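**Student:** Return a 3D structure for these sequence lines:
(one chain, ligands or ions: 1)
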Amino acid sequence: MTTAYVALEGDHVIEGRGRAPGTARGELVFTTAYTGYEESLTDPSYEEQVLTFSYPLIGNYGVREERFEDDHVHPRAVLAKELTDDVAAWLADEAVPAVDRLDTREIVTEIRDGGAMKCGIAVGDDATEDDALEQLERCKPMSDHTEIGTQVSVDDPSVRGADNDRETVALIDCGAKDSIVDSLVARDAQVHVLPYDATVDTVTDVDPDVLFVSNGPGDPANYEQAVALVREFVDDIPVAGICLGQQIVARALGGTTEKMDFGHRGVNQPVLDVDSGQVVMTTQNHGYTVADPGDHLEVTQINVNDDTPEGLDGIDHDVITRQYHPEANPGPEDTLEFFDDVLAMAGDRSQRAVPADD
Ligand SMILES: NC(=O)CC[C@H](N)C(=O)O
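**Tutor:** Presented below is the predicted three-dimensional model:
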């Protein structure tokens, strides 16, 4: 059995079984998701994080590429009570250290009490506690990853979907999950996937019907160019956002964001739609939240557990955003109609742009 050490803040070292070798460091978080491990592990939002699964068995339905949200694994390391051989082999292949046979209840309790925290990992035949502690020592707080967008965004623009007379979407890729683009293309939109630091000219050249800001890793305060783009275009075209996208839109319109203690990560986060009174189950993965939406956005949906904003609407602009993941990969699929609402908002503008026939 390969030895594995996990060093938490306070120099608390936990021992486990090594399933994929290497050393790593990152922000230690947990998800309560009991399904969707392929999607979670390939979600770019987990960049620079170490992901703990609180569900005790991870990998029981194999590893299939068609479920991936990106072409590689994003968490820096993975912790679970039991990882199947399939998942362990996949993580070893991807050079992502993995540890199981440790008490994930203890780790989750530490995160709930102490908040998402720095950690260091060392896995391998020769790994030592000191190796894990050295990784912990070198770990930076998430907000210090100021260039995290470059690690996950595309380098060059690309186009998905046919050029037809339907909606054109300019998607600012801050680390977008593939299923967000798929959800738009499945509704016949044409999606221009643009770098997270795209210029105003790049967006103008696309002549979009909607500016869509994606999910992504890290602190929304480190996405100044995306904030500037929203400010530049929001008077002229509709704007939408998911997760990091909601946070960026809020910051652009005078709102504020803050770090949560341990965030929301799971597939059964209850969200109340304020107007209809309906509660839906949602998939979530975030550690920051909108603290104050400012004067130009109203909160339309809230998290039932802690009242944090889960949906925002523009008061004087065409804007809709979600803090959760409506693309439902993994599900539940209660929230897919968000994409219909976004494209309806984009379509409304196309109609208004047609000169009046008098
Ligand atoms: N999934 C996401 O887009 C995450 C958003 C942001 N990085 C957060 O942790 O809050």
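**Student:** gap between the closest residue to K177 other than its chain neighbours and D316?
**Tutor:** Excluding the flanking residues, the one nearest K177 by Cβ to Cβ, 6 or more residues apart in numbering is E69, at 4.2 Å. Quick note: C-beta positions are derived from backbone N, CA and C, even for glycine. Between E69 and D316 the computed distance is 34 Å (Cβ to Cβ, to the nearest Å).
**Student:** Those two: who's more crowded?
**Tutor:** E69 (27 against 11; other Cβ atoms under 10 Å).
**Student:** gap between the two ends of stretch 304-322?
**Tutor:** End-to-end distance for stretch 304-322, by Cα to Cα, to the nearest Å: 15 Å.
**Student:** Tell me the buried residues in it?
**Tutor:** Going by neighbour count (16 or more other Cβ atoms under 10 Å), the buried part of stretch 304-322 is 308-314, 317-322.
**Student:** repeat for stretch 95-103
**Tutor:** Across stretch 95-103, burial judged by 16+ other Cβ under 10 Å covers 96-102.
**Student:** need the residues of the protein near the ligand, please.
**Tutor:** Counting by Cβ under 6 Å from any ligand atom, the residues of the chain close to the ligand are 45, 215-218, 243-244, 285-288.
**Student:** and if we set it to 5 Å?
**Tutor:** 45, 215, 243-244, 285-288 (Cβ under 5 Å from any ligand atom).
**Student:** Most neighbours of all those residues, which one?
**Tutor:** Neighbour-wise, these (other Cβ under 10 Å) top out at L244, 30 neighbours.
**Student:** Got the phi and psi for that one?
**Tutor:** Main-chain dihedrals, L244, degrees, to the nearest 10: phi -50, psi -40.
**Student:** Tell me how far the nearest residue to V200 once chain neighbours are set aside lies from T199.
**Tutor:** Closest residue to V200 apart from its sequence neighbours, by Cβ to Cβ, 6+ apart: E232 at 5.3 Å. Distance from E232 to T199, counting by Cβ to Cβ: 10 Å.
**Student:** pLDDT on the strand or helix carrying K259, on average?
**Tutor:** Assigned by DSSP states H and E, K259 falls within strand 256-273. The pLDDT scores in strand 256-273 average 98.
**Student:** neighbouring strands for that strand, and are they parallel or not?
**Tutor:** Applying DSSP bridges to the sheet, strand 256-273 is found paired with strand 279-292 (antiparallel), strand 297-303 (antiparallel).
**Student:** Give the buried residues for it.
**Tutor:** 257, 259-260, 262-267, 269, 271-272.
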